[in-house]
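*Asks:* Here's my sequence, what's the structure:
(2 chains)
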Number of protein chains: 2
Amino acid sequence: MIIRKSALLGAALLSPALAALAKQRPNIIFFLVDDYGWPESSVAYGDEVYPRNRQFHTPNMERLAQQGVLLTHAYACPVSTPTRASLMSGMNAIHSHITNWVSMAGNQPSDAVGGKNGAAVYEELETDIFRRPDWNINGLCPDGPLSEGVNDVQAATPMVRLLRDAGYYTIHVGKAHWASAGTPGASPYNMGFLVNVAGTNAGLPKSYLGTDNFGNKPELWNMAAVQNMVEYYGQDIFLTEALTREALKTLEEPVRRGQPFYLYLSHYATHTPIQKDTRFFDRYKKEMGLDAGQSKFSSMVEGVDKSLGDVLDYLEAHHIADNTIIIFMSDNGGNADVKAKGGVPHTQNAPLREGKGSCYQGGIRVPMMVCWPGRTAPGTRIDTPVVPEDLFPTILEMGHVKKYTTSQEVDGKSLVKLLAGKPSDIDPQRPLFFHYPHQWKWEYKSEVDFLSTVIVGDWKLVYVMMNTVPGQRVQDGVPFELYNLREDIGETRNLAAEYPEKVAELARLLGERLRGWNAPMPIVRATGKPVPWPDELLK
Amino acid sequence: MIIRKSALLGAALLSPALAALAKQRPNIIFFLVDDYGWPESSVAYGDEVYPRNRQFHTPNMERLAQQGVLLTHAYACPVSTPTRASLMSGMNAIHSHITNWVSMAGNQPSDAVGGKNGAAVYEELETDIFRRPDWNINGLCPDGPLSEGVNDVQAATPMVRLLRDAGYYTIHVGKAHWASAGTPGASPYNMGFLVNVAGTNAGLPKSYLGTDNFGNKPELWNMAAVQNMVEYYGQDIFLTEALTREALKTLEEPVRRGQPFYLYLSHYATHTPIQKDTRFFDRYKKEMGLDAGQSKFSSMVEGVDKSLGDVLDYLEAHHIADNTIIIFMSDNGGNADVKAKGGVPHTQNAPLREGKGSCYQGGIRVPMMVCWPGRTAPGTRIDTPVVPEDLFPTILEMGHVKKYTTSQEVDGKSLVKLLAGKPSDIDPQRPLFFHYPHQWKWEYKSEVDFLSTVIVGDWKLVYVMMNTVPGQRVQDGVPFELYNLREDIGETRNLAAEYPEKVAELARLLGERLRGWNAPMPIVRATGKPVPWPDELLK
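*Replies:* Predicted coordinates for the structure are as follows:
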């Protein structure tokens, strides 16, 4: 269990040998975990160790935390594709209009999901208050000839292509989920990866079990059946382990050649389906007495932790740990709305409120660590907030890719100086915007659906779009909720009535940003008009 | 339509510029077509143009024939996996005991096929004369740690791994089919490929149609559904075209880096299912009035031809044609036993007898061309017979890989000198062995099943194993058939009775070889004993 104080000593710690190494182009490993909540590890990102932290056994995350820096205020989008697209494009999700996860099948909006066989189906119901907004339902598309004539996508110069063109050996292992089937963005090869294992249009695996052929059986198959895994069919192996083995095999070539590599090891875990990783299950079920769902989920977390450990071991064994950057994070908050996960629904990210899909903190505040030998100060913390789009310029700068052009406007800022503990242009008070103008599941849930938010320092405004519709009254019944995150990490006390000027200030900020990027907004069925920009409500 | 005389002028044609290029390590493209028969193109490999040649419009194969050399007596194994494994291991299929295609599911012999959903099922029937032999039913496995504990495989040092370790950028696009699911050989990554698109345990595509998602639909799916093709789902595109686009995209990296590449473009076409490539169908159906099956098949052939043309165009456009070797061949004879292909069954390889699965010429004599700029004499023919295992040392020598060790004994001989028209140790009279101790389909077919053969120059002995069983009388009713291939390309006149000494000579050769490699032999159900080695029948 690790709790450390903030430190900004990175630069001072540079030894001469490490300083020399830093001139080489480093290897970069992006270790992405799926639906993995902020308190769901034995590494404590908060100011205290919460009960939830004590449940998990993640020694390798602790090991990485000791080697690198914790980003205690790392944010992601409320769901998967927007975060992943932001990493790849450098655009804020509001700007790219990729505000929701993309369905596996093309041209099918995922808002209010149902359907089967991987095809999300949207049907407007008479009881719907909103119609869905106009967003890029097919996700991200690499720019250039491939994107010509492709509809409902955001075309962008992919970060990985720039890395590859600069000489990096770029490897994709695991979940892609940037785009729907039938569009170029669905293939990691088009994003600039030289190697692809298992990356498709799917946002989850049909099964984590080798004995299920990862879903490649007649009685199981849908488009989420995992590809490129034939050698493990029928074997008693969990997908997390199989992907790790694949990742380490693919490193053989660049390591042998001495070519810098970018490994995007994007685990499907801990996304649903919640399944038992038998290697670790007993610790949680038998020893700790957790319920079956939480035991399964915890075993999946420990499987990810073991994968991280295997990667760290590999780097040390091949003497490249000193020149390899590791970025560890989750793509959104932990899922707090799935029965199979066990526990008490909507509390699994405690002390944070709600989870995946929501603009409350449980949906967007995520675990994150960076280990950059010679740059990050081991065992320290950085409290400045960061967002996914920051990783675009950050990773390119890490890779010494200085001159490049993009067809999109990049919204993120490089974190390189911040990570190194140097004076940085990352203002801790810069406004952060999250926007979820969608309904996540069949049933409307007021703490998840149709929310928008801006965070400035300790202050957070939540725009409850449902409360702009006459006759609809959810939660506190007001369109604006104001929280002080420092004093109230769980967003339990709405201070909007006490601080009307702060509400107005933040509503204007949010309104300007949404309007400026022509954000997708839900359409009020009764009027046919979009939900107003938040600052339109001010007077 | 191309008919040329033999020529051995390659070396003399070298210009100084080409000679310099030849010192660089060349790029190598192995363009493999599936189930594609010897007379099924407008390139005539025979001494005359047969009616079958006139059916097909393959201008790019003609173009390649003009640039390179025709190998008029190229042989392959009667079915797919043995040929593919021989290319990868350098072993004769009899030696590796990979004598049949491997089923998609692991540990399931494919002899006498049935079943569904990609799982071949073998059930011994009371009416069976033979039990299946003991062969490597899971196929080829890369040697080293991965092969430990894997059963029913041949472990070998894969040719592509040697190429990769020597600095080649190795790319797999299309059909792999070296091994069954659940074994390492099922993944091209384990064979030494750095890039894999669509290569799995499958020997055929569930569908060639993008509109079918290549089989990735609930109503179609089995393990033959093509992987890594998500970007084309729902599009009106034929798999051959999609694979070609993928292949050319993957060349971008090595071409940009100036790294020599090995591209194994292994088309699923023209394997079943026989489907319409709409781009070319009308030529055969409307203009030529062929039946639906032949029109579909011919459209698939022309799709392959177009792919070849696109590759040739790419090489020219990128100014690398002069330093790129192209090897074009088929993995076995054309399928002459599938209704969907139309025409008259068992005649589609005319003038050759029978087709895929058979040790008669239609099953094993295949189209082959090699274009090696500066080495092969354009527009010439080589009549010396060659076999798949020759490509192992050939390709390594082409790639300047001179010193290497293999865990297996390599049976093939380098064709480099032969291709260059230089004096070579490839004896035109060397004996060639083919062995199919299996039943291909549910129903026993005497001209396909349980045959073994040796070819020495013009002479060919066919060992009809069924005729060694008392009471069984098929074809001519004798265990040995003798043909003179020069005088009787169609194997219509059994000369065994006229030339008993030739029969004895060849039977001894075949017996020695089978015995020496402990060849899999069918087991006679009535006695429980294997079919005798052919020379055991001699006195």
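
*Asks:* Count the neighbours of whichever residue of the stretch 251-400 of chain A sits closest to chain B for me.
*Replies:* Minimum separation of the stretch 251-400 of chain A from chain B (C-beta to the nearest C-beta) falls at A:Glu253, amounting to 5.7 Å. The C-beta positions use only the backbone N, C-alpha and C, and glycine is treated the same way. The burial metric for A:Glu253, expressed as a neighbour count using other C-beta atoms under 10 Å in any protein chain shown, is 20.

*Asks:* From what I see, it and B:Arg164 are in contact.
*Replies:* Yes: in terms of C-beta atoms under 8 Å, A:Glu253 counts as a neighbour of B:Arg164; the distance is 7.1 Å.

*Asks:* Which neighbours do the two have in common?
*Replies:* B:Leu194 (C-beta atoms under 8 Å, 6 or more residues apart in numbering or on different chains).

*Asks:* re the thing from before, mind checking what helix or strand follows the helix or strand the residue of the stretch 251-400 of chain A closest to chain B falls within in sequence?
*Replies:* Secondary-structure assignment from DSSP states H and E places A:Glu253 in helix A:239-257. Going down the chain from helix A:239-257, the next helix or strand is strand A:261-266, by DSSP H and E.

*Asks:* by contact count, what packs against that following strand?
*Replies:* Applying 3 or more C-beta pairs under 8 Å, 6 or more residues apart in numbering or on different chains; DSSP states H and E, we find strand A:261-266 packed against strand A:27-33, helix A:159-165, strand A:169-174, helix A:239-257.

*Asks:* if we go to 7 Å?
*Replies:* Taking 3 or more C-beta pairs under 7 Å, 6 or more residues apart in numbering or on different chains; DSSP states H and E as the contact definition, the neighbouring helices and strands of strand A:261-266 are strand A:27-33, strand A:169-174, helix A:239-257.

*Asks:* For it, output the C-alpha coordinates as CSV.
*Replies:* Listed next in CSV are the C-alpha coordinates belonging to strand A:261-266 (Å, rounded to 0.1, in the frame of the first residue of the first chain):
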residue,chain,number,x,y,z
PHE,A,261,9.5,0.6,-30.2
TYR,A,262,6.1,1.8,-29.2
LEU,A,263,4.1,-1.0,-27.7
TYR,A,264,0.4,-0.3,-27.1
LEU,A,265,-0.6,-3.2,-24.8
SER,A,266,-4.3,-2.5,-24.5
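
*Asks:* Tell me how far it lies from the chain's centre.
*Replies:* 15 Å (C-alpha atoms, centre = their mean, to the nearest Å).

*Asks:* Just want the angle from it to strand A:169-174.
*Replies:* Here strand A:261-266 runs at 10 degrees with respect to strand A:169-174, directions being taken by axes from the mean of the first three to the mean of the last three C-alpha atoms, to 10 degrees.

*Asks:* Specify the angle between strand A:261-266 and strand A:27-33 in degrees.
*Replies:* 0 degrees.

*Asks:* Strand A:261-266 to helix A:239-257, inter-axis angle?
*Replies:* For the pair strand A:261-266 and helix A:239-257, the angle between their directions (the same axes, to 10 degrees) equals 180 degrees.

*Asks:* what's the next secondary structure element after strand A:261-266?
*Replies:* Taking DSSP H and E as the definition, the helix or strand right after strand A:261-266 is helix A:281-282.

*Asks:* Quick one: distance of that following helix to the chain centre.
*Replies:* Going by C-alpha atoms, centre = their mean, the spacing between the C-alpha centre of helix A:281-282 and its chain's C-alpha centre is 27 Å.

*Asks:* Could you list the residues in contact with it?
*Replies:* A:295-296, A:299 (C-beta atoms under 7 Å, 6 or more residues apart in numbering or on different chains).

*Asks:* picking that back up, tell me if I'm right that the residue of the stretch 251-400 of chain A closest to chain B and B:Gly192 touch.
*Replies:* No: contact criterion C-beta atoms under 7 Å: A:Glu253 and B:Gly192 do not qualify, at 9.8 Å.

*Asks:* Turn the helices and strands packed on strand A:261-266 into JSON lines, columns for mean pLDDT and distance to A:Asp425.
*Replies:* Listed next are the helices and strands packed on strand A:261-266 as JSON lines, based on pLDDT from 0 to 100; distance: least, C-beta to C-beta, whole Å:
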{"stretch": "strand A:27-33", "mean pLDDT": "98", "distance to A:Asp425": "22"}
{"stretch": "strand A:169-174", "mean pLDDT": "98", "distance to A:Asp425": "28"}
{"stretch": "helix A:239-257", "mean pLDDT": "97", "distance to A:Asp425": "32"}
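
*Asks:* I'd like those written out as TSV, with distance to B:Gly363 added.
*Replies:* As requested, the helices and strands packed on strand A:261-266 are arranged in TSV below (distance: least, C-beta to C-beta, whole Å):
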stretch	distance to B:Gly363
strand A:27-33	50
strand A:169-174	41
helix A:239-257	37
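
*Asks:* Quick check: which of those is buried the most?
*Replies:* Stretch with highest mean neighbour count among the helices and strands packed on strand A:261-266: strand A:169-174 (a mean of 26; mean count of other C-beta atoms under 10 Å in any protein chain shown).

*Asks:* Give me the contact status of it with chain B.
*Replies:* No: using C-beta under 7 Å from any C-beta of the partner chain, we find that strand A:169-174 stays clear of chain B, coming within 8.9 Å at best.

*Asks:* The helix holding A:Glu253 packs against which elements?
*Replies:* Packed against helix A:239-257 by the contact rule (3+ C-beta pairs under 7 Å, 6+ apart) you find strand A:169-174, strand A:195-197, strand A:261-266, helix A:292-317.

*Asks:* now it, how far from the centre of its chain.
*Replies:* Per C-alpha atoms, centre = their mean, the centroid offset for helix A:239-257 relative to its chain is 22 Å.

*Asks:* again, but for stretch A:269-279
*Replies:* Distance, stretch centre to chain centre, for stretch A:269-279: 18 Å (C-alpha atoms, centre = their mean).

*Asks:* got any ranges where chain A has weak pLDDT?
*Replies:* Flagging of chain A using pLDDT under 70 yields the residue ranges A:1-23, A:112-123.

*Asks:* So which bits of it are right by chain B?
*Replies:* Looking at chain B, the residues of chain A close enough under C-beta under 7 Å from any C-beta are A:106, A:117, A:181-184, A:186-187, A:189-190, A:194-195, A:200-201, A:216, A:218, A:221-223, A:227-228, A:230-231, A:233-235, A:249, A:253.

*Asks:* In ChimeraX, how would I select just the buried ones from the residues you listed?
*Replies:* Typed into ChimeraX, the next command selects the buried ones out of those (criterion: 16 or more other C-beta atoms under 10 Å in any protein chain shown):
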select /A:106,181,182,183,184,186,187,189,190,194,195,200,201,216,221,222,223,227,228,230,231,233,234,235,249,253
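
*Asks:* Now, the residues of chain A next to chain B that are in strands?
*Replies:* Assignment to strands by DSSP state E places the following of those there: A:Val195.

*Asks:* Help me confirm that A:Ala269 comes into contact with A:Met300.
*Replies:* Yes: between A:Ala269 and A:Met300 there is a contact at 4.7 Å, judged by C-beta under 7 Å.

*Asks:* quick one: which of these two has more around it?
*Replies:* Higher neighbour count among A:Ala269 and A:Met300: A:Met300, with 31 against 27, using other C-beta under 10 Å.

*Asks:* Enumerate every residue touching that one.
*Replies:* With contacts taken as C-beta under 7 Å, 6+ apart, A:Met300 has the following neighbours: A:269-270, A:274, A:277.

*Asks:* Tell me the spacing between it and A:Trp221.
*Replies:* A:Met300 sits at a distance of 22 Å from A:Trp221 (criterion: C-beta to C-beta, to the nearest Å).

*Asks:* Skipping its backbone neighbours, what lies nearest the residue nearest the centre of chain A in space?
*Replies:* Centroid check for chain A by C-alpha atoms, centre = their mean gives A:Asp331 as the closest residue, at 1.3 Å. Closest residue to A:Asp331 apart from its sequence neighbours, by C-beta to C-beta, 6 or more residues apart in numbering or on different chains: A:Thr83 at 4.5 Å.
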